[in-house]
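> Structure here, sequence nowhere to be found:
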């Protein structure tokens, strides 16, 4: 009888451990490997419409998002090549996952500013911003994309992680 009780307890413990592992895997919060930002860029940037964006440096990241690139392990920015464009891609590799909230707030502020900028006259741009903006935070990686192909960009990002 005592052996059955011990066996039953061991089975319960194994079930709990298995459940915890499955929850981490299904929730997407399992630890991410160290994926080079360049790899994420090669999987996501080609999905942007050709000629609609240009690659930005740290100065543009500060201007559009108020973020200092030196605070992060890496950043990649593609921003609209014209004043009437809204297609955009931002990838950030965080030093620490706690920085995710700051980056998300900066993205939300940028998105709100773009919507306000086109409100009232940029019908296509406003529709793109409302319907095709994607924000994804996974571990120490952040994605922001506005594109006709934003769902494909998001899926490529998630598949890489």
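Yep, it's here. A quick note: this is a predicted structure, and the numbers were derived from the prediction, not measured. Residues are numbered from 1 along each chain as shown.
> which stretch of helix or strand covers residue 50?
For residue 50, there is no enclosing helix or strand under DSSP states H and E.
> Now do the contacts for residue 141.
Residue 141 sits next to 32, 35, 40, 91, 92, 93, 94, 157, 161 when contact means CB atoms under 8 Å, 6 or more residues apart in numbering. Glycine gets a C-beta too; all of them are placed from N, C-alpha and C.
> which of those residues are buried?
Using 16 or more other CB atoms under 10 Å as the burial test, the contacts of residue 141 include 35, 40, 91, 92, 93, 94, 157, 161 as buried.
> Spell out the secondary structure type for the fourth one.
Three-state assignment for residue 92 (DSSP: H, G, I helix; E, B strand; the rest coil): strand.
> Quickly check the buried ones among the contacts of residue 141 for the two that are furthest apart.
Using CB to CB, the pair of the buried ones among the contacts of residue 141 lying farthest apart is 94 and 157, separated by 14.3 Å.
> So if we follow the domain assignment, how does this protein break up?
Annotated domains of the chain cover 1-30, 32-160 [automatic domain parsing].
> rewinding a little: let's have the buried ones among the contacts of residue 141 in TSV, adding pLDDT and distance to residue 65.
Compiled in TSV, those are given as follows (pLDDT from 0 to 100; distance: CB to CB, whole Å):
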residue	pLDDT	distance to residue 65
35	91	22
40	96	17
91	98	12
92	97	9
93	97	15
94	97	14
157	96	18
161	89	22
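> For residue 55, state which of those residues is nearest.
In terms of CB to CB, no member of these lies closer to residue 55 than residue 91, at 11.5 Å.
> residues contacting the spatially most central residue of the chain?
Nearest to the geometric centre of the chain sits residue 143, at 2.2 Å (CA atoms, centre = their mean). Neighbouring residues of residue 143 by CB under 8 Å, 6+ apart: 40, 44, 89, 90, 91, 134, 135, 136, 137, 153, 154, 157.
> how about residue 99, what does it touch?
71, 72.
> run the last query once more with 7 Å
For residue 99, the contact set (CB atoms under 7 Å, 6 or more residues apart in numbering) comprises residue 72.
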